[in-house]
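Asker: any chance you could fold what I've pasted below:
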Amino acid sequence: MNSNLHSPERRLIALRIEHADLDAVIDQAGQEPSIDELLLRRLKKRRLGLRDEIARLERQLAPREPA
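Answerer: Alright, predicted model coming up:
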């Protein structure tokens, strides 16, 4: 049961949730007139990193096609 808590599938779900949350924060921050540009760039960089990690996990979990 404990190994199921740390499965790649669960990690993928958590990453997708975090990515969606960052999307919402970035969208909201973009509408603020006095947004901290450095903070916004850091959030976008984190979101990009999450997207890359999600893609890597999806490739890892995808069934391989026979040659």
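Asker: rest of the way, CA atoms for contacts and neighbours
Answerer: Will do.
Asker: give me the buried positions along whichever strand or helix holds His19.
Answerer: In this structure, His19 sits in helix 8-30 according to DSSP states H and E. Buried residues in helix 8-30, counted by 16 or more other CA atoms under 10 Å: Leu12, Leu15, Arg16, His19, Leu22, Ile26, Ala29.
Asker: again with stretch 44-64
Answerer: By 16+ other CA under 10 Å, the buried positions in stretch 44-64 come out as Lys44, Arg47, Leu50, Glu53, Ile54, Leu57.
Asker: of the residues you listed, which belong to helices?
Answerer: Of those, the ones assigned to helices by DSSP state H are Lys44, Arg47, Leu50, Glu53, Ile54, Leu57.
Asker: want to try JSON lines for these, with distance to Glu65 and pLDDT as columns?
Answerer: Below are those laid out as JSON lines (distance: CA to CA, whole Å; pLDDT from 0 to 100):
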{"residue": "Lys44", "distance to Glu65": "34", "pLDDT": "95"}
{"residue": "Arg47", "distance to Glu65": "30", "pLDDT": "97"}
{"residue": "Leu50", "distance to Glu65": "26", "pLDDT": "98"}
{"residue": "Glu53", "distance to Glu65": "22", "pLDDT": "97"}
{"residue": "Ile54", "distance to Glu65": "20", "pLDDT": "97"}
{"residue": "Leu57", "distance to Glu65": "17", "pLDDT": "94"}
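Asker: now for the residues you listed: which two are most distant?
Answerer: Lys44 and Leu57 (19.9 Å; CA to CA).
Asker: which stretches of the protein have low pLDDT?
Answerer: Confidence mapping of the chain against pLDDT under 70 gives the ranges 1-3, 5, 66-67.
Asker: phi, psi for Gln31 please.
Answerer: Here is the backbone geometry of Gln31 (degrees, to the nearest 10): phi -90, psi -10.
Asker: count of neighbours near it?
Answerer: As a burial measure, Gln31 scores 9 neighbours (other CA atoms under 10 Å).
Asker: wait, what's in contact with Asp23?
Answerer: Arg47 (CA atoms under 8 Å, 6 or more residues apart in numbering).
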